[in-house]
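Visitor: generate a structure from the sequence data that follows.
(one chain, ligands or ions: 1)
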Amino acid sequence: MRKMKGVVITGKNTLAISDQCPIPEEPCPTGAFIRPLIWSPCTSDAHLCATGCASLPYLIGKAVGHEMCGEITKVGAEVHDFKVGDRVIVCSVMPMWRSLEAQDGMAKQRQDNLYGGVDFPDRGGSFVEESYIRDADMNLAPIPQGITLEQAVMVPDMMCTAFEGVRQLGIEFGASVAVLGIGPVGLMAVRAAVLHGAGNVFAIGSRKPCFTVAKEYGATHTVDYHAPDYLEDIVEANGGLVDGVILCGGSGKELGKGLSILKKGGTLVNLSAYFSGAPIEIDPSVWGFGYGDKTIKGVGCRGGRLWMSRMAQLIVTGRVQPEKLITHRYHGMDKIPEAMGLFLNHDRNLIKPVIYNDSI
Ligand code: ZN
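Guide: The predicted structure is shown next:
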């Protein structure tokens, strides 16, 4: 096992550059090594850090991060479709395509931990000098001609998660959708709902930069959740309860708020991660006392080459402009803790940072 440089969580709100992140000497037969060209920290990385990995203590001391694009440096003997030097989008989850879960349509849910360390438990995340992935043919996607690195690095989680959430919402043309929480995934969900044929799309947040992008992405209404009666205002503007709700943030209390504006028979898709360990309580009345046919789905990022390639096609064809999310740009791995600090310090101008793996 070699050791390399990476960014690790050391405790509550603390990160460090470590030179002890392990990588195998060789990729597994279906695997590949990838040199990162660009990284993007995520709210869920920050959430893990802010809670000191309370729910996932085995991640302490391991490399953080899961959104990365890079260049292949080595491939295993059984990799057919990629070669050294290819520039690729790297899956942020690690689906197991040869598994019983895959036969059930849930390849993504066969993961032994957040960073998919099934065959290499110390693997950690992708904020490292050289990253490692298994099943390269299925879990990498080529970066198409004409899209930039910073557009491409919005694919593995921002697009792959938000579009999967809206797909699972299953809305009809003209249906109304409320997106509760418009950080980067919520904003991408706004765009996904618009492209999926929604009518009214309510973008609920509090920060001006996010409202600006929400409007550019096609939201029909921007709603400030600090307004005292914002939930009632949504129902009034919509002419009734909404058909679908996407939940992208908050502590768990927002689940009840989302259900309170959802029509009977509607679906709420949760895209938030709850790592704090605190229980989530719901007032039964907002859930139709349990028999209102209100479905709650906890949806995870969909990975895999096909889905990532489809997301990339949305960029190539100009239907999604993911670069609108990027508010901060850095250069060099040493800047990753600073970029993560934007989340930890609740910077009101932040939507999404990227870090180029160079030191310009
Ligand atoms: Zn992410």
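Visitor: please enumerate the strands of the stretch 151-300 of the chain.
Guide: Secondary structure of the stretch 151-300 of the chain (DSSP state E, counting those that start in this stretch): strands located at 177-180, 201-205, 221-224, 242-247, 262-270, 295-298.
Visitor: quick check: residues of the stretch 151-300 of the chain near the ion?
Guide: Neighbours of the ion within the stretch 151-300 of the chain, by Cβ under 5 Å from the ion: Asp157. Placement of C-beta: from N, CA and C, glycine included.
Visitor: residue of the stretch 151-300 of the chain with the smallest distance to the ion?
Guide: Ranked by Cβ to the ion, the top residue of the stretch 151-300 of the chain for proximity to the ion is Asp157, at 3.4 Å.
Visitor: go on, the stretch 1-150 of the chain?
Guide: For the stretch 1-150 of the chain, Cβ to the ion, closest residue to the ion: Cys42, 2.7 Å.
Visitor: which residues does that residue contact?
Guide: Counting by Cβ atoms under 8 Å, 6 or more residues apart in numbering, Cys42 makes contact with Gly65, His66, Glu67, Asp157.
Visitor: rerun that using 7 Å as the cut-off
Guide: Applying Cβ atoms under 7 Å, 6 or more residues apart in numbering to Cys42 gives the contacts His66, Glu67, Asp157.
Visitor: what's the PyMOL line that selects buried ones from these?
Guide: Restricted to buried positions by 16 or more other Cβ atoms under 10 Å, the PyMOL selection for those reads:
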select buried, resi 66+67+157
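Visitor: could you dump the contacts of Cys42 into TSV with pLDDT and distance to Val201 added?
Guide: TSV is the format used below for those (pLDDT from 0 to 100; distance: Cβ to Cβ, whole Å):
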residue	pLDDT	distance to Val201
His66	91	27
Glu67	95	25
Asp157	95	21
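Visitor: can you add distance to Cys21 and give the contacts of Cys42 back as CSV?
Guide: Output for these, formatted as CSV (distance: Cβ to Cβ, whole Å):
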residue, distance to Cys21
His66, 14
Glu67, 17
Asp157, 21
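Visitor: closest to Arg35 among the contacts of Cys42?
Guide: Arg35 lies nearest to Glu67 out of these, by Cβ to Cβ, at 15.6 Å.
Visitor: do you know how far that closest one is from Thr212?
Guide: If you measure Glu67 against Thr212 using Cβ to Cβ, to the nearest Å, the figure is 23 Å.
Visitor: for Gln151, same thing?
Guide: 19 Å.
Visitor: these two: which is more packed in?
Guide: The residue with more neighbours, out of Gln151 and Thr212, is Gln151; 22 against 14, by other Cβ atoms under 10 Å.
Visitor: quick check: that one touching Lys324?
Guide: No: with contact defined as Cβ atoms under 7 Å, Gln151 does not reach Lys324; the gap is 10.0 Å.
Visitor: can you tell me the SS state at the closest residue to the ion within the stretch 201-350 of the chain?
Guide: Closest to the ion within the stretch 201-350 of the chain is Cys301: 7.4 Å, counting by Cβ to the ion. Following DSSP: H, G, I helix; E, B strand; the rest coil, the label given to Cys301 is coil.
Visitor: number of residues surrounding the residue nearest to it when sequence neighbours are not counted?
Guide: Among residues not flanking Cys301 along the chain, Thr161 sits closest, at 4.2 Å (Cβ to Cβ, 6 or more residues apart in numbering). By other Cβ under 10 Å, the residues close to Thr161 number 26.
Visitor: residues in contact with Thr161?
Guide: Counted by Cβ under 7 Å, 6+ apart, Thr161 has contacts Val185, Leu271, Cys301.
Visitor: so which of these wins on neighbours?
Guide: Val185 leads the contacts of Thr161 on contacts (other Cβ under 10 Å) with 29 neighbours.
Visitor: isn't Gly256 up against Ile280?
Guide: No: using Cβ under 7 Å, Gly256 is not in contact with Ile280; the gap is 8.6 Å.
Visitor: okay, these two: which has more neighbours?
Guide: Taking other Cβ under 10 Å, Gly256 and Ile280 do not tie; Gly256 has more neighbours (16 against 13).
Visitor: check the separation of the first and last residues in stretch 231-247.
Guide: 14 Å (Cα to Cα, to the nearest Å).
Visitor: quick one: it to chain centroid distance?
Guide: 25 Å (Cα atoms, centre = their mean, to the nearest Å).
Visitor: in stretch 160-177, what's buried?
Guide: Those would be 160-166, 168-169, 171, 175-177, for stretch 160-177 by 16+ other Cβ under 10 Å.
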